[in-house]
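Asker: need a 3D model of the following:
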Amino acid sequence: MLVTSKLPTNRSDMEISEYNQISDDLRKLIEPLKRGESATYRLTNAGVKQMAVDSAGNEVPVTKFPPSVNLTAEATIFDPHLRADVEIMAKQGTKTVGQGRNREVVPVLAEIEFRDGLLTVTDKQVGIYEFLELHPANKTCVIPGHQSLTGYKFERVQPAKDAKNEAKTVEQSIAVMSTLATYDYETLKGVAKRLKLPTNTDRDSMFTSLVKLAQQDSDRVFRALADEAVQVEALIANAEQEKVIEWEAAERRYVYTETRQRVLEIPSGNHQEELLSYLLDNQGQTTRRQLQRVYDEKLAKKNKKK
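Answerer: The predicted structure is shown next:
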């Protein structure tokens, strides 16, 4: 079944060219499929546990997946390098609808279908492959600090690593270093903390330690980069340090320092832990983006004065 090409109402005025405008730094994290290669993905939460009888007549547990699950070929992601939401789409072409002045070119979305819980794309399906590598429902998504959505989730099935390719390891290390180079002090500190590296040093020393570790075990550093809590902890620390927000102990609430607008009321518990938990939760995403925007604006004004 072809996924409908009709866009949601709130995106109807967007030009096709406005989709997939991700940063170059994020695009570099998508490992290209070489000629003849393919990538396989599997659903992780759509199966139902059942008992079946094997060839020897024994009952064994199996996971039964729906025969077909379609994934809509458009989504919204957060690009950590642009620090902005980006609309992404996998399309298989365009078509013209309407007549006269009402004529417009609209995308025909690609068909993305998991059969029995699995989906394989080839090097001929670059658009779908890049879309899946960026998709927020992908548990192995390449975006550092991404957040999985509710609903169906999937992951890429990696080939066995019985013979590590040295060139691939070097490539991955370079990608890690490229990402680390964009991080400020607090974010690097959060990554180093996750990896149990010294954090009582300056930024350059922490960066050097992380790069050395990435050269030895890039997978381990990538997992730390993908920890969303690292990004949010750094945002809170930076916002407090730059006096974007402050904690009113008497009222037990966080407020924006300049406007005194409420960020979050916290009746009990550790206020920093509770704010972190809220900003990581789905219901706190609007507040998180607003906090990021206010912090970015203040930082831009500060840098302009220098």
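
Asker: need the helix or strand of this structure with the lowest average pLDDT.
Answerer: Ranked by mean pLDDT, DSSP states H and E, the helix or strand of the chain with the weakest confidence is helix 166-180, at a mean of 64.

Asker: following it, which helix or strand comes up?
Answerer: Using DSSP states H and E, the helix or strand that directly follows helix 166-180 along the chain is helix 185-194.

Asker: tell me what that following helix is packed against?
Answerer: helix 203-216, helix 218-225, helix 228-241 (3 or more C-beta pairs under 8 Å, 6 or more residues apart in numbering; DSSP states H and E). In this view, the C-beta of every residue, glycine as well, is placed from N, C-alpha and C.

Asker: the first one packs against which elements?
Answerer: For helix 203-216, the elements it packs on are helix 166-180, helix 185-194, helix 218-225, judged by 3+ C-beta pairs under 8 Å, 6+ apart.

Asker: same question for the shortest one.
Answerer: Contact here means 3+ C-beta pairs under 8 Å, 6+ apart; on that basis helix 218-225 packs against helix 166-180, helix 185-194, helix 203-216.

Asker: repeat that for the last one.
Answerer: Packed against helix 228-241, as judged by 3+ C-beta pairs under 8 Å, 6+ apart, are the following elements: helix 185-194, strand 245-248, helix 271-280, helix 285-305.

Asker: try it again with 7 Å
Answerer: helix 185-194, helix 271-280, helix 285-305 (3 or more C-beta pairs under 7 Å, 6 or more residues apart in numbering; DSSP states H and E).

Asker: now do the last one: distance to the chain's middle.
Answerer: I take that to be helix 285-305. 20 Å (C-alpha atoms, centre = their mean, to the nearest Å).

Asker: buried sites along that helix?
Answerer: Buried residues in helix 285-305, counted by 16 or more other C-beta atoms under 10 Å: Thr287, Arg288, Leu291, Gln292, Val294, Tyr295, Lys298.

Asker: same thing with the first one?
Answerer: Taking 16+ other C-beta under 10 Å as the basis for neighbour counts, the residues of helix 185-194 that come out buried are Tyr185, Glu186, Thr187, Leu188, Lys189, Gly190, Val191, Ala192, Arg194.

Asker: alright, I will stop here.
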